[in-house]
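Student: here is a sequence together with a model predicted from it:
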Amino acid sequence: MKKLWMLAALGAACAASQAYARDTIQTYPVEQALKSEPGKVSDDIALYFAGQPHPGVQKTIGQFATNKKTNAFGKSDLRACQHVFLSAVIELQERARREGGNAVINIKSNYKNDLRESATEYTCGAGAVVAGVALVGDVVTLKPGK
């Protein structure tokens, strides 16, 4: 009887841990996320997602990646994903500043090394406790406008 009780308790614990191991991978709108926390993303470093037209490139500095996580506890997946997306974008902008670039072009989602190109959507993985976004983009100096 004691063994049966222990097996039941172990089964319940495993089932509970599976509920917390959720990793829902979804896509969300880039534009909505960029507007979700006004003033958080600066406009001094231009952002162009995969497929978006941009001015000519004067100098290519290199490709850089981000992999950001945020606390998702008590937040909707959308809210947590928007917040962590902004963190990833800000990290790309900071890298461009450090490298002397003025833009990040060809930005793609790379969640769990699954590269996805979209001008309008990004990929986010959200669980019960953590949400994550991984981006990759090319830091460049764009030619001055005419």
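Tutor: Thanks, I have the structure now. Nothing here was measured: the structure is a model prediction, and the numbers come from that model. Numbers count the residues shown, from 1 in each chain.

Student: quick one, strands of this protein?
Tutor: 24-29, 46-49, 57-71, 103-109, 121-126, 130-142 (DSSP state E).

Student: CSV for these, including mean neighbour count and mean pLDDT?
Tutor: C-betas here are computed from N, CA, C, even on glycine. Listed next are those as CSV, based on neighbours: other CB atoms under 10 Å; pLDDT from 0 to 100:
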stretch, mean neighbour count, mean pLDDT
strand 24-29, 15, 98
strand 46-49, 19, 98
strand 57-71, 15, 98
strand 103-109, 22, 98
strand 121-126, 24, 98
strand 130-142, 22, 98
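
Student: which parts of the helix ranked longest in the chain are buried?
Tutor: Counting by DSSP state H, the longest helix found in the chain is helix 77-99. Buried residues in helix 77-99, counting neighbours by 16 or more other CB atoms under 10 Å, are found at 77-78, 80-93, 95-96.

Student: what does that helix contact?
Tutor: With CB atoms under 8 Å, 6 or more residues apart in numbering as the test, helix 77-99 has contacts from 24, 26, 28, 30, 32-34, 36-37, 40-42, 44-45, 47, 61-62, 64, 66-72, 75, 102-104, 107, 122, 124, 126, 131-135, 137, 139.
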